[in-house]
Structures are given as C-alpha cells and as structure tokens.
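Participant: need a 3D model of the sequence below.
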Amino acid sequence: MAQTPDSTTKHIAEIQTSDREAARKAVAQGVQSAKEKWIEAPLIVEALALELVSVAQTNHSSSMMAAYLRNLADAMEAQATYH
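Facilitator: You can find the predicted model right below:
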C-alpha cells in the first residue's frame with residue numbers, strides 16, 4: 001500500500017523526533033562526562049559551539065544554524081536574571 005503525503009510527513013516527523021531525542025541524549029552524556037572531569041562550564045559551552053560549527057559546515061547548513069543560534073541567544077538574554 002502506498003503512503004499518502006500526510007502519512008509520509010507524519011512518518012518523517014516521528015523519525016526526526018526519535019533522532020532528536022537520541023542526539024540530545026548523546027550530547028547530554030558528553031556534557032555530563034565533561035562535568036565529571038571538572039571541566040569549567042564556559043569551556044564546555046565553547047566546545048559545544050565548536051561542534052555546532054563543525055556540523056553546520058559539514059552539512060552545508062551554516063546560514064540556518066546561524067539564524068537558529070541568533071534566536072537562541074535572544075531567548076537566553078530575555079530569560080537572564082541578574083543578581
């Protein structure tokens with residue numbers, strides 16, 4: 001039986017959701033490993049940023065990633081609390 005465009009879109013979304021969860025888990029494990037080695041948070045963030053750049057360049061998605069990171073930075077600044 002052939003898939004309809006709606007079922008294909010739904011199937012792709014399910015796969016992306018699963019892949020996103022797997023990627024997040026892998027990254028979280030890496031971050032936890034770095035924390036357990038007493039690596040300072042700013043250095044972990046720098047390493048994550050370097051990996052983001054590497055992935056974006058490899059997949060030719062630099063413009064999309066840059067836009068996403070700008071939005072993320074804006075959201076982080078909007079939520080920042082100062083003591």
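Participant: lowest average confidence, helix or strand, in this structure?
Facilitator: helix 62-79 (a mean of 90; mean pLDDT, DSSP states H and E).
Participant: so which elements touch that helix?
Facilitator: Counting contacts by 3 or more C-beta pairs under 8 Å, 6 or more residues apart in numbering; DSSP states H and E, helix 62-79 is packed against helix 41-58. Where you see a C-beta, it was placed from the backbone N, CA and C, and this is true even at glycine.
Participant: which residues sit against the helix it packs on?
Facilitator: If you take C-beta atoms under 8 Å, 6 or more residues apart in numbering as the criterion, helix 41-58 is touched by 27, 31, 34-35, 61-62, 64-66, 69.
Participant: and the least confident helix or strand of the chain, how far from the chain's centre?
Facilitator: 11 Å (C-alpha atoms, centre = their mean, to the nearest Å).
Participant: before we move on, what about stretch 55-75?
Facilitator: Worked out by C-alpha atoms, centre = their mean, stretch 55-75 lies 10 Å from the chain centre.
Participant: same check on stretch 31-49?
Facilitator: Relative to the chain's own centre, stretch 31-49 is displaced by 15 Å; criterion: C-alpha atoms, centre = their mean.
Participant: would you mind listing the buried residues in it?
Facilitator: For stretch 31-49, burial by neighbour count (16 or more other C-beta atoms under 10 Å) applies to 31, 34, 44.
Participant: may I have it as PDB, with CA atoms only?
Facilitator: Output of stretch 31-49 as PDB, limited to C-alpha atoms (Å, rounded to 0.1, in the frame of the first residue of the first chain):
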ATOM      1  CA  VAL A  31      28.300  17.200  28.800                       C
ATOM      2  CA  GLN A  32      27.900  15.100  31.900                       C
ATOM      3  CA  SER A  33      31.200  13.400  31.200                       C
ATOM      4  CA  ALA A  34      32.900  16.800  30.900                       C
ATOM      5  CA  LYS A  35      31.300  17.900  34.200                       C
ATOM      6  CA  GLU A  36      32.600  14.800  35.900                       C
ATOM      7  CA  LYS A  37      36.100  15.700  34.800                       C
ATOM      8  CA  TRP A  38      35.600  19.100  36.400                       C
ATOM      9  CA  ILE A  39      35.800  20.900  33.100                       C
ATOM     10  CA  GLU A  40      34.600  24.500  33.600                       C
ATOM     11  CA  ALA A  41      31.200  25.400  32.200                       C
ATOM     12  CA  PRO A  42      32.500  28.100  29.800                       C
ATOM     13  CA  LEU A  43      34.900  25.600  28.200                       C
ATOM     14  CA  ILE A  44      32.100  23.100  27.800                       C
ATOM     15  CA  VAL A  45      30.000  25.700  26.100                       C
ATOM     16  CA  GLU A  46      32.900  26.700  23.800                       C
ATOM     17  CA  ALA A  47      33.400  23.000  22.900                       C
ATOM     18  CA  LEU A  48      29.700  22.600  22.100                       C
ATOM     19  CA  ALA A  49      29.800  25.800  19.900                       C
END
